[in-house]
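**Q** my questions concern the predicted model and sequence given below.
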Amino acid sequence: MKVLQERSLAPFHTFGIEVQAQQILVAETAADLVAIWQDEQYRTLPKLIVGQGSNLLFCEDFAGVIVLNRIAGITVTETESAYLLHIGAGEDWHQLVCETIARNMPGLENLALIPGCVGSSPIQNIGAYGVELKDICQYVDTVELATGEAHRLSAQACQFGYRDSVFKHALKDSHAIVAVGLALPKAWQPNISYGPLAKFDPETVSAKEIFEAVCQVRRAKLPDPAVLGNAGSFFKNPVVTQARRDTLLAQFPSLPSYEMADGSCKLAAGWLIDQCGLKGYQVGGAKVHEQQALVLVNAGGASAQDVLTLASDVVCAVQQTFGVTLEHEVRFMAAGQETYLEEMLP
């Protein structure tokens, strides 16, 4: 493991808010992770594993150890029917997508330009443009931090849901992700169900064309965290019953909604926020992005409290206008543990 001299977390999360950690360590192997958890120097301190910090809001200084997961490596095994990828948790997700497209291994093109490391992808069950990680995940390798035991979880055992998995619940504090296994079928079928991709002909479209289209749309809609600090989609798309959706449609006929397999309906959180007139709304250095209302940004010098207040204002406005409660997709970290918006408000 490596011990960093700096304590500022601004370079290690995409919101870029100036918060401090008591200690920052770098883990390059599963053994490093176990050693950190078993080291007497760190045993009693709060610990948090971070990839690129692309889905984190540090609500205050972290009174413990930040562990940067930098486990590297990509191996590809080819079978008659699929390309099987084994990827270290510290690899960059978008660079992985780029490599698979370059090597003519389609299947990840819809998930281009999602920020973060590969190890974070199962936690959130990342998804975009009609594809979720669960669709191509074969397994997730973990290490049990207390014992050092290695475990391989099947995709079913990961309990994937909408922006959810077992890694947010039963295994949240006890296991660390060290690698992810993906299976990309050679009998590739393009997924062009999402609006901007519907222009393509499924008989002729290539994975590279979908990849480029997804990148173009994301760059047009979403701010680059390297330019304008943000953590991507700040809120989940709320899920309601069909009856509730129909009631809202009667009042708001242009309301976008998507029926899900279980019969419930997903609403577009960005549309709800936009209809409240909140694009460009600002609290201190935190602002609702002018082009994409689902994204809250660090417009310059934002404090954690600025973001918390802004998020609260957005939730209240949507609740008052539509009677729908937004939940944040971004993980909130307090001084020693994960927290939630309602717990951080005065």
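**A** It's in. Predicted, not measured: the structure shown is a model, and the values here were computed from it.
**Q** and the residue lying closest to His175 once chain neighbours are set aside, bridged to which residues?
**A** Counting by Cβ to Cβ, 6 or more residues apart in numbering, Thr142 is the residue found nearest to His175 once chain neighbours are left out, at 4.2 Å. (Each C-beta comes from the backbone N, C-alpha and C, glycine too.) Thr142 has these beta-bridge partners by DSSP bridges: His151, Ile177.
**Q** how about Thr142, what does it touch?
**A** Residues counted as contacts of Thr142 (Cβ atoms under 8 Å, 6 or more residues apart in numbering) are Ala150, His151, Arg152, Leu153, Leu171, His175, Ala176, Ile177, Val178.
**Q** quick check: Gly232 touching Leu296?
**A** No: between Gly232 and Leu296 no contact is recorded; they are 9.8 Å apart, counting by Cβ atoms under 8 Å.
**Q** neighbour count for these two, which is higher?
**A** Leu296 (32 against 23; other Cβ atoms under 10 Å).
**Q** for Leu308, see how far away the more buried one is.
**A** 10 Å (Cβ to Cβ, to the nearest Å).
**Q** next: Asp262.
**A** 32 Å.
**Q** when the two are compared, which one has more neighbours?
**A** Using other Cβ under 10 Å as the criterion, Asp262 and Leu308 rank with Leu308 on top: 20 against 7.
**Q** against Ala243, how distant is the residue lying farthest from the centre of the chain?
**A** Centroid-distance maximum for the chain: Ala250 at 33.1 Å, with Cα atoms, centre = their mean. Applying Cβ to Cβ, the value for Ala250 to Ala243 is 11 Å.
**Q** mutual contacts of the two, please.
**A** With Cβ under 8 Å, 6+ apart, Ala250 and Ala243 have no common neighbours.
**Q** skipping adjacent residues, who's closest to Val19 in space?
**A** Val19 sits nearest to Phe58 (Cβ to Cβ, 6+ apart), 4.4 Å away.
**Q** then Ala31?
**A** Of all residues not flanking Ala31 in the chain, Gly148 sits nearest, at 7.7 Å (Cβ to Cβ, 6+ apart).
**Q** dump stretch 268-275 to CSV, restricted to CA.
**A** Below are the C-alpha coordinates for stretch 268-275, written out as CSV (Å, rounded to 0.1, in the frame of the first residue of the first chain):
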residue,chain,number,x,y,z
ALA,A,268,-38.0,11.4,-15.4
ALA,A,269,-36.5,13.2,-12.4
GLY,A,270,-34.8,15.8,-14.7
TRP,A,271,-38.1,16.7,-16.3
LEU,A,272,-39.8,17.1,-12.9
ILE,A,273,-37.0,19.5,-11.7
ASP,A,274,-37.0,21.4,-15.0
GLN,A,275,-40.8,21.9,-14.7
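**Q** okay, now the domains of this structure?
**A** Following automatic domain parsing, the chain resolves into domains at 2-69, 74-220, 223-344.
**Q** possible to save these as JSON lines with mean pLDDT?
**A** Below are the domains of the chain laid out as JSON lines (pLDDT from 0 to 100):
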{"stretch": "domain 2-69", "mean pLDDT": "96"}
{"stretch": "domain 74-220", "mean pLDDT": "96"}
{"stretch": "domain 223-344", "mean pLDDT": "95"}
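**Q** that older thread, the residue nearest to Val19 contacts Ser8, correct?
**A** No: counting by Cβ under 8 Å, Phe58 does not reach Ser8; the two are 10.9 Å apart.
**Q** anything in contact with each of the two?
**A** With Cβ under 8 Å, 6+ apart as the test, Phe58 and Ser8 both reach Val19.
**Q** which of these two has more neighbours?
**A** Relative neighbour count places Phe58 above the other of Phe58 and Ser8, with 27 against 12, counting by other Cβ under 10 Å.
**Q** check contacts around that one.
**A** Contacts of Phe58 (Cβ under 8 Å, 6+ apart): Leu9, His13, Phe15, Ile17, Val19, Ala304, Met333.
**Q** now do the strands in the stretch 101-250 of the chain.
**A** Taking DSSP state E, counting those that start in this stretch to define them, one finds strands in the stretch 101-250 of the chain at 127-128, 131-132, 137-144, 150-154, 175-185, 229-233, 239-240.
**Q** so which bits of the fifth one are buried?
**A** When neighbours are counted by 16 or more other Cβ atoms under 10 Å, the buried residues of strand 175-185 are found to be His175, Ala176, Ile177, Val178, Ala179, Val180, Gly181, Leu182, Ala183, Leu184.
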